[in-house]
Each structure stands twice: as C-alpha cells, then as structure tokens.
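Trainee: Could you look at this predicted model? Sequence included:
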Amino acid sequence: MKAKVIIAQATAETAEALYGLVKKMVDTTAIKAYPSVDYQAVFFSADRYDLDFVK
C-alpha cells in the first residue's frame with residue numbers, strides 16, 4: 001500500500017483549531033496525526049479504510 005499523507009495548512013488564527021483536530025484524531029481514530037511547524041499538521045492512515053474521513 002502506498003502511504004497516503006495529508007498535510008493541512010492553517011493560519012495563525014486557525015492553528016489552535018487545527019492542533020485540536022490533531023488531538024481529536026489521535027484520541028478517537030487509528031489515524032496518525034502530528035502537528036508540524038509553521039501552522040501545519042500531517043495526517044496519515046494506518047490502513048486504506050481510514051481514509052473515509054477525507055470524503
């Protein structure tokens with residue numbers, strides 16, 4: 001399986017909401033999510049079925 005990576009970009013005003021989403025995804029799903037530098041977050045799934053949240 002090819003890794004599917006989603007990089008989300010926020011602004012200074014919306015960064016807190018994005019980082020809250022990262023925490024929620026990690027706590028409630030098998031999807032891996034990490035906050036990144038410059039108001040970004042990186043999401044990637046453990047398997048192909050985890051990508052349903054994108055649709």
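Mentor: Done, it's in. Numbers count the residues shown, from 1 in each chain.
Trainee: from here on, contacts and neighbour counts on C-alpha atoms
Mentor: Fine.
Trainee: Where does the closest residue to Ala41 other than its chain neighbours fall, secondary structure wise?
Mentor: Among residues not flanking Ala41 along the chain, Pro35 sits closest, at 4.3 Å (C-alpha to C-alpha, 6 or more residues apart in numbering). Pro35 is part of strand 32-36 when elements are defined by DSSP states H and E.
Trainee: continuing past that strand, what's the next helix or strand?
Mentor: In N-to-C order, the element after strand 32-36 by DSSP H and E is strand 40-44.
Trainee: gap between that next one and the chain center?
Mentor: Centre-to-centre, strand 40-44 and its host chain are 4 Å apart (C-alpha atoms, centre = their mean, to the nearest Å).
Trainee: and that strand, C-alpha only, in CSV?
Mentor: The C-alpha trace of strand 40-44 is given here as CSV (Å, rounded to 0.1, in the frame of the first residue of the first chain):
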residue,chain,number,x,y,z
GLN,A,40,0.7,22.7,9.7
ALA,A,41,-0.4,19.2,10.6
VAL,A,42,0.4,15.9,9.0
PHE,A,43,-2.2,13.1,8.8
PHE,A,44,-1.7,9.6,7.6
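Trainee: which secondary structure elements does it contact?
Mentor: For strand 40-44, the elements it packs on are strand 5-9, helix 15-28, strand 32-36, judged by 3 or more C-alpha pairs under 8 Å, 6 or more residues apart in numbering; DSSP states H and E.
Trainee: circling back to that earlier point, show the contacting residues for the residue nearest to Ala41.
Mentor: Pro35 sits next to 19, 22, 41-42 when contact means C-alpha atoms under 8 Å, 6 or more residues apart in numbering.
Trainee: same thing with Lys32?
Mentor: Contact analysis of Lys32 by C-alpha under 8 Å, 6+ apart lists 25-26, 43-46.
Trainee: from the residues you listed, which has minimum pLDDT?
Mentor: Least confident of the contacts of Lys32 in the model: Ala46, at 73.
Trainee: Understood, closing this out.
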